[in-house]
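1. sequence unknown, structure follows:
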């Protein structure tokens, strides 16, 4: 007799809240841990067809560390849709203007590129400073995966 595999329904998903302090952490390693929690792969009840991950709040993202010469050489590129509308921004310029975007992009590129990935990314809340408005959710420290 084959064992029965149970799948979670969206109503059965229990979401937890986690907080991560990005100060002094390496960008890629922090993004990996966040992506695992957003996908729910740290839970024994992971289900691939639903967004069963937990919410993650990241603080101090302007103080995230990089290795090597990424801060001098890395560029972020996007296209506006107009002719000649390819825009390149240096890592340091993005860190200065919008430090949240660095971590959001790193995590986004580690998630699935489909509707579930977009749902998972909505559970990520990134803030440049120490304060965040999610204290009522009582977030726990991010687990090391």
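-> Received it, and whenever you're ready, just let me know what you need. What you see is a predicted model, and the numbers here were worked out from it, not measured in a lab.
2. wait, residue 51 sits on residue 124?
-> No: using Cβ atoms under 8 Å, residue 51 is not in contact with residue 124, being 11.9 Å away. (Glycine included, C-beta is placed from N, CA and C.)
3. which residues in this structure form helices?
-> Taking DSSP state H, the helices of the chain run over residues 27-39, 70-73, 91-97, 99-108, 115-121.
4. want to try a markdown table for those, with distance to residue 143, mean neighbour count and mean pLDDT as columns?
-> Output for these, formatted as a markdown table (distance: least, Cβ to Cβ, whole Å; neighbours: other Cβ atoms under 10 Å; pLDDT from 0 to 100):
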| stretch | distance to residue 143 | mean neighbour count | mean pLDDT |
| --- | --- | --- | --- |
| helix 27-39 | 7 | 21 | 97 |
| helix 70-73 | 26 | 11 | 93 |
| helix 91-97 | 27 | 14 | 95 |
| helix 99-108 | 16 | 19 | 97 |
| helix 115-121 | 17 | 16 | 96 |
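5. Turn those into TSV, columns for distance to residue 60.
-> Output for these, formatted as TSV (distance: least, Cβ to Cβ, whole Å):
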stretch	distance to residue 60
helix 27-39	11
helix 70-73	17
helix 91-97	13
helix 99-108	9
helix 115-121	20
